[in-house]
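> build the 3D model from these lines:
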Amino acid sequence: MFKIKNLTPHDINIKVGENFLTIEPESIIPRCSQETVDIGFLPNGIKLTSTKFGEVQNLPPQVEGTFLIVSRLVKSALPERKDLLVPECLIRNEQNHIIGCESLSTDMTENEILNKYIIW
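So this is what the prediction gives:
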């Protein structure tokens, strides 16, 4: 058996068949540290900055049998963490607002998943 925890600040709605499975957020939200510096101004006065992202903060350790839904930035910062998932194939409404996703993206291979979590 496995668990999925949502470590984003909003509900994750995943399309399953004709319905949506909603995974509500936990109280933990991992983020990447960031440093922003001013680099100048455009001729019309708009300020330009540059942001560098660093270490992931507030991410629980990996636990066997538990997947964590996180932001794409957090997942990209930790490619070695096979437990991290991000919403993929986003579903939008008529106003182009995201209302859900068709899948969760993982860095695990099909064989890794089948060996751990046989889904038929």
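> run through the strands of this structure in chain order.
For the chain, strands defined by DSSP state E occupy the ranges 3-6, 12-16, 19-23, 31-41, 47-57, 66-69, 84-92, 98-105.
> just those strands: most buried one?
Greatest average neighbour count among the strands of the chain goes to strand 66-69 (a mean of 20), per mean count of other CB atoms under 10 Å. (C-beta placed from N, C-alpha, C; glycine too.)
> direction included, what does it pair up with?
strand 3-6 (parallel), strand 84-92 (parallel) (DSSP bridges).
> will you turn the strands of the chain into CSV that also has mean pLDDT?
As requested, those are exported to CSV (pLDDT from 0 to 100):
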stretch, mean pLDDT
strand 3-6, 94
strand 12-16, 96
strand 19-23, 96
strand 31-41, 96
strand 47-57, 96
strand 66-69, 94
strand 84-92, 95
strand 98-105, 94
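> out of those strands, which comes closest to Glu112?
Glu112 lies closest, by CB to CB, to one member of these: strand 66-69, at 12.4 Å.
> cool, thanks, talk later.
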